[in-house]
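Q: Any chance you could fold what I've pasted below:
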Amino acid sequence: LQDDYSQLMVSYDHMIGLIEERAEYTRARLLSRDSPPIWAVLVASDEELPSIQGAVETWRISLISTVDYIRTYPERLVIQSVLFVILLLLMWAARQRAREWSDDPSLKIQRAILERPFSQALLIALLSGIIIHPLAPRAFGTLVSCLSLIPLIRLVPGLILPAYRGAFYLLGVLFIVHQLSQLTLSGTSTNRILVTLSTILGLVTCVLFLRRFHSVRHGGSWLSYIVFPALKVAIWIFVLAAILNVVGVVLLANLLASGLLYSAYLAVVFLIAVVVTKGWVQVILRAPVVQRLHILGDHSDLILQRVSRGLTLVSLVLWAWFTLQAFWLDKPFSTAVGKVLTASAKLGTVEISLGFILIFAFLIWLSFAVSKFIRFVLKEDVYTRVELPRGVPGAISTITHYVILLLGFVIALGAAGFDLSRFTLLAGAFGVGIGFGLQNVVNNFVSGLILLFERPIQVGDKIQMGDL
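A: From the prediction side, this is the model:
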């Protein structure tokens with residue numbers, strides 16, 4: 001068994017090496033002409049039939065591989081089906097809860113999304129295939145992506161204005177055509193025709209979106225500063241992809257068209273994911289059990305605002321990273337960022353890098369955020385339920401704040417690569433310096449701690465100094 005395992009690992013490493021070598025070779029010839037001009041391919045009618053037969057054969061093999069995968073791993077489809085049923089029941093309950101929001105106009109979009117529980121459950125169950133089916137063949141992923149368009153189209157009316165819906169449906173047709181082109185061999189006449197059709201449909205879709213954008217007044221919203229320039233950039237990319245495909249630079253044309261469409265598809269998926277998640281957060285915050293918690297019931301608007309910001313930030317980061325992957329820019333980007341973060345400068349025996357500084361700053365910020373959150377929970381949901389002597393809540397909150405900041409500072413030093421043994425030496429030297437120069441500051445701080453513990457004076461007491 002050990003010998004078999006070793007042979008498999010050698011074979012695996014060899015195949016990975018071949019794939020990486022092929023990927024590097026492909027990246028190196030991105031800007032080169034890899035196929036004849038499209039007119040030469042179309043004129044050569046004798047060569048067209050084998051190309052179509054090759055495309056049909058490729059699709060047949062892809063279908064066979066998909067069927068074989070389903071037969072080999074039927075339990076994964078069962079897991080996905082069970083997940084769909086559970087999600088459908090939850091979404092159905094959420095819809096019943098959302099119908100009680102008719103008096104709140106700010107929840108119009110969330111209500112429209114939650115009114116379609118079947119589409120929500122189906123979309124989430126299909127997208128979960130990324131985790132459930134990590135070894136699925138490419139054709140299986142293409143099939144799942146095309147099927148996910150059905151719930152997406154069903155959810156779109158609740159998300160976008162009616163003026164944009166026609167362009168969005170055209171975007172769905174474009175996505176299916178592009179998926180078919182990805183299942184054909186690059187450079188063949190069928191692939192060239194499908195890529196050309198994809199770029200034409202992409203241009204028409206972008207122009208249609210742009211015209212609708214001009215007809216609808218958005219004022220000074222973020223759409224005016226993001227969507228409008230993005231559409232213009234997309235038009236130029238589609239034009240460039242069409243020209244490259246015509247002259248024979250097919251590999252780069254495929255990369256540009258597929259990367260752009262994949263990015264647009266991800267943007268729609270993340271947009272719906274954010275709206276659906278916000279709707280679910282609102283359903284949870286309005287539940288009677290949750291309303292009993294002061295921290296959630298009394299501050300639901302603040303929590304929803306923070307969750308919305310966090311979801312938007314995470315979605316933007318993920319969308320940007322997946323877009324870089326779609327354009328084959330993830331490795332150059334990560335390599336460049338790694339070089340910047342690991343670039344270091346020496347100050348005597350101390351070596352400092354930007355990555356360590358960022359880690360240290362992030363952990364210190366996280367310490368303050370955790371301390372603030374814990375004190376907020378103590379104030380809103382602990383002190384209000386427990387009878388404590390006057391002054392004790394303030395003492396507990398202050399000590400908790402100091403302890404968390406101290407632990408965060410030590411952890412930040414360790415994570416940043418600082419030798420903690422040297423830190424003890426610095427702390428000793430710093431303590432000597434404090435003993436000579438900052439005695440009053442330290443005395444006041446320690447006196448404050450003593451007052452917190454002994455509580456001879458408490459919050460709410462009145463102090464009289466002379467006539468004040």
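Q: pLDDT score assigned to residue 444?
A: Residue 444 carries a pLDDT value of 83.
Q: Could you do the one 10 residues further on as well?
A: The predicted local confidence for residue 454 comes out at a pLDDT of 79.
Q: Look up phi and psi at it.
A: Backbone torsions for residue 454, taken as degrees, to the nearest 10, come to phi -80, psi -20.
Q: quick one: contacts for it?
A: Applying CB atoms under 8 Å, 6 or more residues apart in numbering to residue 454 gives no contacts. Any C-beta I mention is one placed from the backbone N, CA and C, and that applies to glycine too.
Q: What of the one 10 residues further on?
A: Going by CB under 8 Å, 6+ apart, residue 464 touches no other residue.
Q: Any chance of the backbone angles for it?
A: phi -110, psi 120.
Q: On the pLDDT front, check it for me.
A: Reported pLDDT for residue 464: 89.
Q: Could you measure from residue 439 over to residue 376?
A: 35 Å (CB to CB, to the nearest Å).
Q: Those two - which one has more neighbours?
A: residue 376 (13 against 10; other CB atoms under 10 Å).
Q: So that one versus residue 143, what's the distance?
A: Distance from residue 376 to residue 143, by CB to CB: 47 Å.
Q: Check residue 194 too.
A: In terms of CB to CB, residue 194 sits 17 Å off from residue 143.
Q: Between those two, point out the one with more neighbours.
A: residue 194 (22 against 18).
Q: Let's see the pLDDT reported for the more buried one.
A: 79.
Q: and the residue lying closest to it once chain neighbours are set aside, what element?
A: Closest residue to residue 194 apart from its sequence neighbours, by CB to CB, 6 or more residues apart in numbering: residue 181 at 3.5 Å. Using DSSP states H and E, residue 181 sits within helix 162-182.
Q: and that helix, how far out from the chain's middle?
A: How far helix 162-182 lies from its chain's middle: 23 Å, per CA atoms, centre = their mean, to the nearest Å.
Q: Check which residues of the helix or strand just after it are buried.
A: Next along the chain after helix 162-182, taking DSSP H and E as the criterion, comes helix 189-215. Using 16 or more other CB atoms under 10 Å as the test for burial, helix 189-215 gives 189-196, 198-199, 201-203, 205-206, 208-210, 212-213.
Q: One more: stretch 276-296?
A: Per 16+ other CB under 10 Å, stretch 276-296 contains these buried residues: 276, 278-283, 285-286, 295-296.
Q: Residue 383: which of those is nearest?
A: Distance to residue 383 across the buried residues of stretch 276-296 (CB to CB) is lowest for residue 295, with 11.5 Å.
Q: who touches the closest one in this structure?
A: So residue 295 contacts 376-377, 380-381 (CB under 8 Å, 6+ apart).
Q: 7 Å instead?
A: 377, 380-381 (CB atoms under 7 Å, 6 or more residues apart in numbering).
Q: Apart from its neighbours in sequence, what residue is nearest residue 267?
A: That would be residue 319: by CB to CB, 6+ apart, it lies 6.1 Å from residue 267.
Q: tell me which element that neighbour falls in.
A: helix 300-326.
Q: Identify the residues contacting the very next helix or strand once past that helix?
A: For helix 300-326, the following helix or strand on the C-terminal side (DSSP H and E) is helix 330-342. Applying CB under 7 Å, 6+ apart, the contact partners of helix 330-342 are 321, 324, 353-355.
Q: Now do residue 15, the pLDDT please.
A: 91.
Q: distance of it from residue 185?
A: Counting by CB to CB - residue 15 and residue 185 are separated by 20 Å.
Q: again, but for residue 138
A: 13 Å.
Q: Please identify the helix or strand for the spatially closest residue to residue 412 that is not a sequence neighbour.
A: Spatial nearest neighbour of residue 412, chain neighbours left out: residue 363 (3.7 Å); criterion: CB to CB, 6+ apart. Under the criterion DSSP H and E, the helix or strand holding residue 363 is helix 354-377.
Q: Show me what that helix is packed against.
A: If you count contacts as 3 or more CB pairs under 7 Å, 6 or more residues apart in numbering; DSSP states H and E, helix 354-377 packs onto helix 330-342, helix 392-415.
Q: That helix versus helix 392-415: what angle between them?
A: 160 degrees (axes from the mean of the first three to the mean of the last three CA atoms, to 10 degrees).
Q: how much does helix 354-377 deviate in direction from helix 330-342?
A: 90 degrees.
Q: What residues sit buried inside helix 354-377?
A: 355-356, 359-360, 363-364, 367, 371, 375.
Q: ditto for stretch 439-458
A: 452, 455.
Q: And for stretch 81-90?
A: Those would be 83-84, 87-88, 90, for stretch 81-90 by 16+ other CB under 10 Å.
Q: Distance from the chain centre to that stretch, please.
A: Distance, centroid of stretch 81-90 to centroid of chain: 23 Å (CA atoms, centre = their mean).
Q: re the thing from before, counting by contacts, list what the helix holding residue 181 packs against.
A: helix 138-155, helix 189-215, helix 250-285.
Q: what packs against the next helix-or-strand element following the second one?
A: Once the chain leaves helix 189-215, the next helix or strand it forms, by DSSP H and E, is helix 222-247. For helix 222-247, the helices and strands in contact under the criterion 3+ CB pairs under 7 Å, 6+ apart are helix 189-215, helix 250-285.
Q: let's go with 8 Å and repeat that
A: Other helices and strands packing on helix 222-247, by 3 or more CB pairs under 8 Å, 6 or more residues apart in numbering; DSSP states H and E, are helix 38-43, helix 189-215, helix 250-285.
Q: Assign residue 352 to helix, strand or coil.
A: Secondary structure assignment for residue 352 (DSSP: H, G, I helix; E, B strand; the rest coil): strand.
Q: what helix or strand is the closest residue to it other than its chain neighbours on?
A: Nearest in space to residue 352, with sequence neighbours left out and distances taken as CB to CB, 6+ apart, is residue 345 at 5.6 Å. Per DSSP H and E: residue 345 is located in strand 344-347.
Q: Show the contacting residues for residue 363.
A: Counted by CB under 8 Å, 6+ apart, residue 363 has contacts 408, 411-412, 415-416.
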